[in-house]
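Visitor: Here's my sequence, what's the structure:
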Amino acid sequence: MCNLIVFDLEREAINTDNVVLLNLGDFKRIGELSYIQVLSSPHKKELSKSYYYYILKRLKELDLLEDDKITFRIALPYKLSKSGLELVNGILYITEDKKLVYYDNSQEVYTCGKCPVTSSCLMAIKKIAKEREVKIRSENLDDAWLSVMTSLNLKIITSARSLKLISSFV
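Guide: Presented below is the predicted three-dimensional model:
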């Protein structure tokens with residue numbers, strides 16, 4: 001079971017390979033259609049002007065936008081546990097062909113087997129795996145996402161030179 005959203009990216013992206021770690025609550029909020037619409041497009045569409053600018057401000061506070069341009073390639077959710085910071089299986093990803101992919105396996109929007117977005121799911125996981133050079137280790141899509149996320153998280157953390165934290169505490 002998961003939530004998968006794939007949108008065409010109309011908003012300009014700064015040429016970057018930045019990885020952003022997002023608090024799980026913020027990551028789930030970004031999975032709401034209105035947040036995805038604002039992140040993917042500089043146009044208000046059917047949102048009210050005040051709500052559009054509220055979301056825009058939140059996305060800037062999360063370091064996902066700067067000067068109305070996308071500033072990341074990958075955003076990963078995390079949560080705090082007794083052992084510290086724990087990456088959660090999910091991803092917000094900008095593909096090379098300008099698709100915005102949001103995947104969260106903790107939500108129950110879609111179920112494999114009865115899923116209306118299977119072709120988009122397969123395209124998204126293949127594209128991410130190819131672009132990030134990780135292997136898909138299962139034909140079952142839920143298991144495939146889990147293996148890709150595990151490999152990708154390990155690759156990102158082991159290659160990290162520094163982590164920039166944005167906190168409302170300071």
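
Visitor: in this protein, what spans have low per-residue confidence?
Guide: Residues of the chain that meet the criterion pLDDT under 70 lie in 1, 15, 107-113, 115-118, 166-170.

Visitor: can you tell me which helix in the chain is longest?
Guide: When the chain is parsed with DSSP state H, its longest helix is helix 141-159.

Visitor: Need the residues that contact it.
Guide: With C-beta atoms under 8 Å, 6 or more residues apart in numbering as the test, helix 141-159 has contacts from 1-2, 19, 74, 76, 87, 89-91, 103, 105, 112, 115, 118, 121-122, 125, 128-129, 132, 134-138. Heads up, the C-betas are built off the backbone N, CA and C, glycines and all.

Visitor: so of those, which ones are in helices?
Guide: Secondary structure defined by DSSP H assigns T118, C121, L122, I125, I128, A129, R132 of these to helices.

Visitor: Can you lay out the residues you listed as CSV showing neighbour count and distance to D63?
Guide: Formatted as CSV, these follow (neighbours: other C-beta atoms under 10 Å; distance: C-beta to C-beta, whole Å):
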residue, neighbour count, distance to D63
T118, 14, 33
C121, 22, 28
L122, 13, 31
I125, 21, 26
I128, 22, 21
A129, 19, 26
R132, 16, 21
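
Visitor: Now flag whichever of these is closest to S41.
Guide: Proximity of these to S41 (C-beta to C-beta) peaks at I128, which lies at 21.3 Å.

Visitor: excluding its backbone neighbours, what's nearest the closest one?
Guide: Y93 (5.7 Å; C-beta to C-beta, 6 or more residues apart in numbering).
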